[in-house]
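Q: sequence first, predicted coordinates after that:
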Amino acid sequence: MRKIEAAAITETVARLAVEATHFLPEDVEGAIRDARETERSPLGVQIIDEILENAEIARERMLPLCQDTGTAVVHVELGQDVHVTGGFLIDAVNEGIEQGYGEGYLRKSIVAHPFGDRTNTGTNAPGVIHTEIVPGDEVHIGFMPKGGGCENMSRYQNFLPGAGREAVVDFVCETVDLSGGNPCPPLIIGVGVGGTAEKAMTIAKHSLFRTVGERNPDLEVAALEGELLEAVNALGVGPQAVGGSTTALDVFVETFPTHIAALPVAVNIQCHSARTKHAVL
Amino acid sequence: MAERKTITLPLTEETIEGLRIGDHVEFRGVIYTARDAAHKRLVAMADAGEALPLDLRGQVLYYVGPTPARPGEVIGAAGPTTAMRLDPYTPRMLELGGKGMIGKGGRGPAVREAIRASHAVYCIAVGGTGALLNRHITSVEVVAFEDLGTEAIRRLEVDRFPAIVVNDAHGGDLLEAGKAEYRTSTRPVPTASGTGGG
């Protein structure tokens, strides 16, 4: 059994929080650069230029890419041959969030009681922490500072079992159409199909950790991803919804077996500031 | 790149009259920050007949909750938040004399009508460009509700602050017009709903 100190997890999460909020992932920046070449709207191109300039300024001046440094969504894949010592795993992750958001001059956006007095926790903790037990003796940590603008545009619906792929395409298009400029297009769209309500949304969220251009290994699902990207970009929403041909940079679909009575579909949208960062311990 | 209009603040009636949807503008002068919690308090104070901590007449409100400033900086990342969440308060803010708003995303029908009726203007700054917009803010002073932290009302001096006119005083709506111009899909446009964040 391999031992990993809780303190090492804390330190890693703190570092990921700062790196994720300041450095736009290369694949995302590359996709935005590519979109600049195909965008039909001149105003859309100017917006893309500002987005690219923003990434450069953030990097060079150590300013967060966006003032909304998000809910800290942390996906921990814990190898079953790992023993975490010197503290509780979840506490270690939350301490890392507190350190990273404090020392990194990040915005603390979390309120303790959602419908009560909404007092800020002051630390951006607790994070939304997903844990998964996996084979092996490593700990994989994925960090996603998830903005409120795009997260608020999440949608879930359960369709009739026979509604098929057309229901999925219609629902995703309607969601993107309705959300307009709120989630900060150009978007990356996560779609979860199947499972149960919480499973569909969880796999939709988890898909946003993928690299832009990375297709689902299932060819039928990959084909749906391509169809969805085309359908969404035909909506005309465009960069920041001013109108244009670039509404999404990519669409990721994940599926899970489901009940004979169900066709759950969840949409979880990511903004153009698609910030994720990984580490392996 | 299309020419950008420089707008010196405060807004005049003539300036507002001349603005059209799709104009790329650059603000110079003073704007005030306010998001959800500050709007809620301002409207409650106005409804109770209390004096407001700032005179809204002719002012531009910027929907932003910045990150903390690093030592030596005046402010952190400071991009716009979703304007739609402020829709319930906006007609009242316009009654109190507000003339301009900067946020991201679209406005609901009631707010669009209030903007037209009160001869005001709503612009977007590019959402998710908080680092770039930081470079256009030259001074910051908290003027009210300091206890709200990032949501306090701040007086910002801005220079060449980039924005795009989305709702003008003539009833225009850039998001609607833009979508119609670039839509190649045969799907009908659904009616708007929902909240926002940022």
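A: Alright, I've got the coordinates. Numbering: from 1, shown residues only, chains lettered A, B, ... in the order given.
Q: what ranges do the helices span in chain A?
A: Assigned by DSSP state H, the helices in chain A fall at A:6-22, A:26-38, A:42-61, A:89-103, A:148-151, A:164-179, A:197-207, A:219-233.
Q: how about chain B?
A: Per DSSP H, chain B carries helices over the ranges B:13-18, B:36-47, B:90-95, B:109-117, B:130-134, B:174-182.
Q: which residues of the stretch 51-200 of chain A score low on pLDDT?
A: Along the stretch 51-200 of chain A, no part satisfies pLDDT under 70.
Q: give me the residue from it nearest chain B.
A: Here the stretch 51-200 of chain A gets closest to chain B at one residue, residue A:148, 2.5 Å apart by Cβ to the nearest Cβ. (Each C-beta comes from the backbone N, C-alpha and C, glycine too.)
Q: what's the neighbour count on that residue?
A: Applying other Cβ atoms under 10 Å in any protein chain shown, we find 22 residues neighbouring residue A:148.
Q: near chain B, which residues of the stretch 101-250 of chain A?
A: Proximity of the stretch 101-250 of chain A to chain B is confined to A:105-109, A:118, A:120, A:147-153, A:170, A:173-174, A:177-182, A:184, A:231, A:234-238, A:240-245 under the rule Cβ under 8 Å from any Cβ of the partner chain.
Q: tell me the centre residue of chain B?
A: Closest residue to the average C-alpha location of chain B: residue B:102 at 1.7 Å, with Cα atoms, centre = their mean.
Q: for that residue, list the residues it contacts.
A: Residues in contact with residue B:102 (Cβ atoms under 8 Å, 6 or more residues apart in numbering or on different chains) are B:27, B:31, B:60-63, B:80, B:122-125, B:163.
Q: ok, which of these also contact chain A?
A: Among these, the residues lying close to chain A (Cβ under 8 Å from any Cβ) are residue B:124.
Q: want to throw the contacts of residue B:102 into a markdown table with pLDDT and distance to residue A:130?
A: Formatted as a markdown table, the contacts of residue B:102 follow (pLDDT from 0 to 100; distance: Cβ to Cβ, whole Å):
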| residue | pLDDT | distance to residue A:130 |
| --- | --- | --- |
| B:27 | 98 | 42 |
| B:31 | 98 | 40 |
| B:60 | 98 | 41 |
| B:61 | 98 | 38 |
| B:62 | 98 | 35 |
| B:63 | 98 | 31 |
| B:80 | 97 | 30 |
| B:122 | 98 | 38 |
| B:123 | 98 | 38 |
| B:124 | 98 | 33 |
| B:125 | 98 | 33 |
| B:163 | 98 | 38 |
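Q: out of the contacts of residue B:102, who's nearest chain A?
A: Distance to chain A across the contacts of residue B:102 (Cβ to the nearest Cβ) is lowest for residue B:124, with 6.1 Å.
Q: is it correct that the closest one is in contact with residue B:163?
A: Yes: with contacts counted by Cβ atoms under 8 Å, residue B:124 reaches residue B:163, the gap being 6.5 Å.
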